[in-house]
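*Asks:* coordinates only, no sequence provided:
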Ligand SMILES: [Zn+2]
């Protein structure tokens, strides 16, 4: 599909220059091309658009999204898209340059993160804030300035809001039936509402003193915010997997896990598990490493082939490990 689109445009260089304004649909009655950075959003966007657009997903299954860099062909597809859909809030670190230049070249960019209230992460957890003096010191600490957390998909209620906004924007594309998109979006939002209730059920048996998470990096902030959990630390103490970890960090976190009697550390499928395993062996006491589909959908048969499947599977694993 994309190959056809590209060669069609290569045949008419003059028309391609105008194509930033006119869409593929306007040019030849074809469906508009919607290019999506992450495979999680690729699934969501495909559910909303159905057969109304040709959807291309940039990041393959299992790729690490903070690092992922586009091929020349993918960069071209992003630049020529009738709509480029991104997670945003700095999530796609390896694609920032391509997203910026695609936007400058006239590709309309839709950011999911821009549709919802973002949480801020300061690099500090509650333990540190209980002490008044630390709090004052933290205000002068560069690290405490805070960054917007981009991992919004871990909260299905925020995703539902973003989906509604996306459907409205997608309905403006040339060659689509806005009514069809609107009703597909409404049906999907209902599924997201069901997912939200299902996750709450899956976590219902976890007692309040065990509603704490240690994750591989700071990826489940919105999930914790939505379902009354507390992230007390991360193996990589950062919003990105592109951050370093010191032996002292691991030792301090191991102490905290022992102190709280936590049964599990949550790894993620798109990152090596060595650091989480190292933390687990530092803790001892049979703490287990439970893998979650945090930043990519899973292969066929994983149960995480779709956004809804992935979220439900994660909740089942978290609920099972903590209850
Ligand atoms: Zn991340």
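*Replies:* Ah, there it is. Only a predicted model underlies this, so the values are computations on that prediction, with no experimental measurement involved. Residues are numbered from 1 along each chain as shown.
*Asks:* contact partners for the closest residue to residue 154 other than its chain neighbours?
*Replies:* Residue nearest to residue 154 in three dimensions, not counting chain neighbours: residue 223, with 3.8 Å by C-beta to C-beta, 6 or more residues apart in numbering. Bear in mind the C-beta positions are built from the backbone N, C-alpha and C, glycine included. Applying C-beta atoms under 8 Å, 6 or more residues apart in numbering to residue 223 gives the contacts 154-155, 229, 314.
*Asks:* out of the residues you listed, the closest to residue 263 would be?
*Replies:* residue 229 (13.9 Å; C-beta to C-beta).
*Asks:* and the strands in this structure?
*Replies:* Secondary structure of the chain (DSSP state E): strands located at 33-36, 54-57, 83-86, 109-111, 120-121, 147-148, 212-215, 230-234, 264-268, 288-292.
*Asks:* from the contact counts, what lies against the last one?
*Replies:* Read that as strand 288-292. For strand 288-292, the elements it packs on are strand 264-268, helix 274-283, helix 307-322, judged by 3 or more C-beta pairs under 8 Å, 6 or more residues apart in numbering; DSSP states H and E.
*Asks:* now the helices: where do they sit in the stretch 51-200 of the chain?
*Replies:* For the stretch 51-200 of the chain, applying DSSP state H, counting those that start in this stretch gives helices covering 72-80, 96-104, 126-129, 132-139, 156-170, 178-202.
*Asks:* next, the buried residues of stretch 63-81.
*Replies:* 63-66, 68, 70, 74-81 (16 or more other C-beta atoms under 10 Å).
*Asks:* would you mind pulling the contact partners of it?
*Replies:* So stretch 63-81 is in contact with 2, 5-6, 9, 16, 19, 33-35, 37-39, 56, 58-59, 84, 87, 91-95, 98-99, 101-102, 105, 107-108, 240-242, 270-271, 295-296, going by C-beta under 8 Å, 6+ apart.
*Asks:* buried ones among these?
*Replies:* 5-6, 9, 19, 33-35, 37-39, 56, 58-59, 84, 87, 91-95, 98-99, 102, 107-108, 240-241, 270-271, 295-296.
*Asks:* from residue 246, how far off is residue 261?
*Replies:* Per C-beta to C-beta, to the nearest Å, residue 261 is found 25 Å from residue 246.
*Asks:* save the strands of the chain as TSV, and put in mean pLDDT too.
*Replies:* TSV is the format used below for the strands of the chain (pLDDT from 0 to 100):
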stretch	mean pLDDT
strand 33-36	98
strand 54-57	98
strand 83-86	98
strand 109-111	98
strand 120-121	94
strand 147-148	96
strand 212-215	97
strand 230-234	96
strand 264-268	97
strand 288-292	97
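*Asks:* can I get the ones you listed in a markdown table with distance to residue 277?
*Replies:* Formatted as a markdown table, those follow (distance: least, C-beta to C-beta, whole Å):
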| stretch | distance to residue 277 |
| --- | --- |
| strand 33-36 | 33 |
| strand 54-57 | 31 |
| strand 83-86 | 33 |
| strand 109-111 | 35 |
| strand 120-121 | 25 |
| strand 147-148 | 28 |
| strand 212-215 | 13 |
| strand 230-234 | 15 |
| strand 264-268 | 8 |
| strand 288-292 | 6 |
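*Asks:* that older thread, show me which of the buried residues of stretch 63-81 is closest to residue 252.
*Replies:* Nearest member of those to residue 252, counting by C-beta to C-beta, is residue 66, at 23.6 Å.
*Asks:* now do that closest one, the pLDDT please.
*Replies:* As predicted, residue 66 sits at a pLDDT of 97.
*Asks:* please renumber the chain so that the first residue is 43 from this point on.
*Replies:* With the count now opening at 43, the last piece we talked about shows up as residue 108.
*Asks:* so it versus residue 80, what's the distance?
*Replies:* 11 Å.
*Asks:* between those two, what contacts are shared?
*Replies:* Common neighbours of residue 108 and residue 80 (C-beta under 8 Å, 6+ apart) are 133-134, 337.
*Asks:* please parse the protein into its domains.
*Replies:* The chain resolves into domains spanning 44-160+192-235, 246-364 when parsed by automatic domain parsing.
*Asks:* between the two ends of the shortest one, how far is it?
*Replies:* If I follow you right, that is domain 246-364. Taking C-alpha to C-alpha, to the nearest Å, domain 246-364 runs 11 Å from one end to the other.
*Asks:* how far does that domain sit from its chain's centre?
*Replies:* On the basis of C-alpha atoms, centre = their mean, to the nearest Å, domain 246-364 sits 15 Å off its chain's mean C-alpha point.
*Asks:* for the spatially closest residue to residue 141 that is not a sequence neighbour, which residues count as its bridge partners?
*Replies:* In this structure, residue 141 finds its nearest non-sequential neighbour in residue 128, 5.7 Å apart by C-beta to C-beta, 6+ apart. Going by DSSP bridges, residue 128 is paired in beta bridges with residue 153.
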